[in-house]
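Asks: structure for this input, please:
(one chain, ligands or ions: 2)
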Amino acid sequence: MSHTAELHSPEDAARLAKAETVLTPRFYKTDYAAMDRLDMSPIRAEWDAMLAEYEGDNNHDHFQRGPEFAAEVAELSAQWSPQLKRDFQEFLVSSLTSEYSGCVLYNEIQKHVSNPDIKQLMRYMTRDESRHANFLNQSLKDFGLGVDLVNLKQSKAYTYFKPKYIFYATYLSEKIGYARYISIYRQLERHPEKRFHPIFRWFERWCNDEFRHGESFALIMRAQPHLLQGGNKLWIRFFLLAVYATMYVRDHTRPWLSEALGMDPTDYDYQVFDITTEITRQVFPLSLDTDHPVFRAGMDRLCQISAAAERAKARGGLAGRVQQGLCAARAALCFGRLYLLPTKTHELPRDMRVAPSW
Ligand SMILES: [Fe+2]
Ligand SMILES: [Fe+2]
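Replies: Numbers count the residues shown, from 1 in each chain. Ligands and ions are numbered 1, 2, ... in the order given. All right, here's what the predicted structure looks like:
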């Protein structure tokens, strides 16, 4: 299904949730024995303080909605343009898929490890992500598009990732998730008239969960310092670029969402990069220079290539496939050039934790 198709049924939503493209969220498996060997003793004090925050569960009553929620949806959605409706429903499906992807991964780790630190953390994060996924699914159900999560878990393809890749990628996606949600929330505080769906009112407390999940991975990596040194810095650079580029292309493929919120997608994305880059100084010894003109031009080029690939796919046939292949090669080349741009390096701070203060 192409990204321009409309969603009409739960089957359409499930198909989108199961789609395997470069831009869609994935499900992961990992090496549980290696997870078992992680040692948190170098950062015991910070670790225990963090687990106590999870234990306190300040969001236990947050992800609930009253009958006025659906009434507000009905009233507001009557004024949406077809593009906004399509983009928002896709946003719900892709958010649901990534929340549920976290839920499944954390739950699988929790089931397979005996290391008490990791088991306890994974249990708390599973709790949070399952709340988030179910809350999103309720909003899909308002449109008759609820996704069968049990079926999704059984039928979606899983990608194997070594634990360190899980740490880099998941840390980043939690922190970027925070930055995205808080930027939207702050924008709607300034412009409440742009709030075209009630779910955005939940984002502030919601993104604090994501922030804390990110903190957990930051502590895991700080406790295993070799993950942040030597050749691993090349992996950090790779994941930073991959996560930033994916977000940029995806947001520019469906600009109506941010435009409806009164935000230019480019400005929004660079604000999210700035917040994320500032946060990641807690753990990554390097960051991308997202203000570099070559970086900015490269991001736009990736969007153009992605649009050309979509057109080639829609065209179909041998010519379409050849053009798709050319687009993939051009995208790889462009990504490679961006990867080679100079990065900024920094010392890791003594204080490992950051507060969600944006
Ligand atoms: Fe979440
Ligand atoms: Fe999360």
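Asks: which residue does the stretch 101-250 of the chain bring closest to ligand 1?
Replies: His132 (3.7 Å; C-beta to the ion). All C-beta spots, glycine's among them, are computed from the backbone N, C-alpha and C.
Asks: how much space between Ala332 and ligand 2?
Replies: Plainly put, Ala332 is 30 Å away from ligand 2 if you go by C-beta to the ion, to the nearest Å.
Asks: helix, strand or coil for that residue?
Replies: Of the three states, Ala332 takes helix under DSSP: H, G, I helix; E, B strand; the rest coil.
Asks: before we move on, what about Lys344?
Replies: Relying on three-state DSSP, one would call Lys344 strand.
Asks: rewinding a little: which strand or helix spans the residue of the stretch 101-250 of the chain closest to ligand 1?
Replies: helix 116-141 (DSSP states H and E).
Asks: packing partners for the next helix or strand after that helix?
Replies: Once helix 116-141 ends, the next helix or strand along the chain (criterion: DSSP H and E) is helix 149-155. Under the contact criterion of 3 or more C-beta pairs under 8 Å, 6 or more residues apart in numbering; DSSP states H and E, helix 149-155 touches helix 10-18, helix 82-112.
Asks: of those helices, which shows the lowest average pLDDT?
Replies: Lowest mean pLDDT within the helices and strands packed on helix 149-155: helix 10-18, a mean of 81.
Asks: buried ones in the helix holding His132?
Replies: Of all the residues in helix 116-141, those buried under the rule 16 or more other C-beta atoms under 10 Å are 117-119, 121-122, 124-133, 135-140.
Asks: what residues does this structure have near ligand 2?
Replies: Counting by C-beta under 5 Å from the ion, the chain comes close to ligand 2 at Glu174, Glu210, His213.
Asks: hmm, Ser173 and the last one touching each other?
Replies: This means His213. No: counting by C-beta atoms under 8 Å, His213 stays clear of Ser173, with 9.2 Å between them.
Asks: give me the common contacts of these two.
Replies: With contacts defined as C-beta atoms under 8 Å, 6 or more residues apart in numbering, the residues shared by His213 and Ser173 are Gly102.
Asks: that older thread, correct me, but the residue of the stretch 101-250 of the chain closest to ligand 1 touches Ser98?
Replies: No: under the criterion of C-beta under 8 Å, His132 is not in contact with Ser98, lying 9.4 Å apart.
Asks: give me phi/psi at Ser287?
Replies: When quoted as degrees, to the nearest 10, the phi and psi of Ser287 stand at phi -140, psi 160.
Asks: same check on Leu288?
Replies: phi -80, psi 150.
Asks: returning to that earlier point: as a markdown table, the residues of the chain next to ligand 2 with secondary structure and neighbour count would be great.
Replies: Below are the residues of the chain next to ligand 2 laid out as a markdown table (DSSP: H, G, I helix; E, B strand; the rest coil; neighbours: other C-beta atoms under 10 Å):
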| residue | secondary structure | neighbour count |
| --- | --- | --- |
| Glu174 | helix | 24 |
| Glu210 | helix | 26 |
| His213 | helix | 25 |
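Asks: pLDDT score for Val22?
Replies: For Val22, pLDDT reads 62.
Asks: need the residues of this structure near ligand 1, please.
Replies: Glu99, Glu129, His132.
Asks: which among those residues gets closest to Leu227?
Replies: Taking C-beta to C-beta as the measure, Leu227 sits nearest to Glu129 out of the residues of the chain next to ligand 1, at 23.0 Å.
Asks: ok, the closest residue to that closest one other than its chain neighbours - contacts?
Replies: Once flanking residues are discounted, Glu129 sits nearest to Cys103: 3.7 Å by C-beta to C-beta, 6 or more residues apart in numbering. Counting by C-beta under 8 Å, 6+ apart, Cys103 makes contact with Thr126, Glu129, Ser130, His132, Ala133.
Asks: what's the separation between Arg237 and ligand 2?
Replies: Taking C-beta to the ion, one finds Arg237 at 23 Å from ligand 2.
Asks: got phi/psi on that residue?
Replies: phi -60, psi -40.
Asks: that one reaches Leu341, doesn't it?
Replies: No: contact criterion C-beta under 8 Å: Arg237 and Leu341 do not qualify, at 9.6 Å.
Asks: compare these two (neighbour count), which wins?
Replies: Taking neighbours as other C-beta atoms under 10 Å, Arg237 and Leu341 compare with Arg237 leading, 19 against 15.
Asks: how about the more buried one, what does it touch?
Replies: Leu286, Leu288, Tyr339, Thr343.
Asks: let me know the pLDDT of it.
Replies: So Arg237 comes in at 97 (pLDDT).
Asks: now do Tyr158
Replies: 87.
Asks: how about the contacts of Cys103 in JSON lines, adding distance to Pro42?
Replies: Listed next are the contacts of Cys103 as JSON lines, based on distance: C-beta to C-beta, whole Å:
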{"residue": "Thr126", "distance to Pro42": "25"}
{"residue": "Glu129", "distance to Pro42": "27"}
{"residue": "Ser130", "distance to Pro42": "31"}
{"residue": "His132", "distance to Pro42": "31"}
{"residue": "Ala133", "distance to Pro42": "33"}
